[in-house]
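In: Sequence and predicted structure, then a few things I'm wondering about:
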Amino acid sequence: MTDMIERVAQAIFAKDPESLFTIHQARVYAIAAIAAMREPTGAMYMAGGIVAPSAHLADKDYKPYGTRTIGDMAAKAAWEKMIDAALENE
């Protein structure tokens, strides 16, 4: 279990201490939440100043501008590696 999974699980668990969630269930949800973030949304691309690939043109928040650069692709690859590291051993 990585520190990020534990951090997200604790946040889920603490959000509603009266819920019937166990910390184990919160960890399962944390893993799913982190995994869902692996592919950035159009809004995330825009916030990072990155041009999204054409697959994200359907994303309602994405407004295309410019052409993708090597830096854009490197930023996306770095993001994916960070998410993968957060999910390591899962």
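Out: Perfect, thanks for sending it.
In: Helices of the protein, start to end?
Out: 3-15, 23-36, 42-47, 70-86 (DSSP state H).
In: So which bits of stretch 77-90 are buried?
Out: Neighbour-count burial for stretch 77-90, counted by 16 or more other C-beta atoms under 10 Å, picks out 79, 83, 86-87. (Each C-beta comes from the backbone N, C-alpha and C, glycine too.)
In: With respect to the helices of the chain, which exhibits the lowest mean confidence?
Out: Per-stretch mean pLDDT for these is lowest at helix 42-47 (a mean of 76).
In: Show me how the chain divides into domains.
Out: What automatic domain parsing lists as the domains of the chain is 1-36, 41-90.
In: hang on, the earlier thing: which of the helices of the chain is buried the deepest?
Out: helix 42-47 (a mean of 17; mean count of other C-beta atoms under 10 Å).
In: ok, and the closest non-adjacent residue to the residue positioned nearest the centre of the chain?
Out: The centroid of the chain falls nearest to Met37 when counting by C-alpha atoms, centre = their mean (2.1 Å). Excluding the flanking residues, the one nearest Met37 by C-beta to C-beta, 6 or more residues apart in numbering is Ile83, at 5.9 Å.
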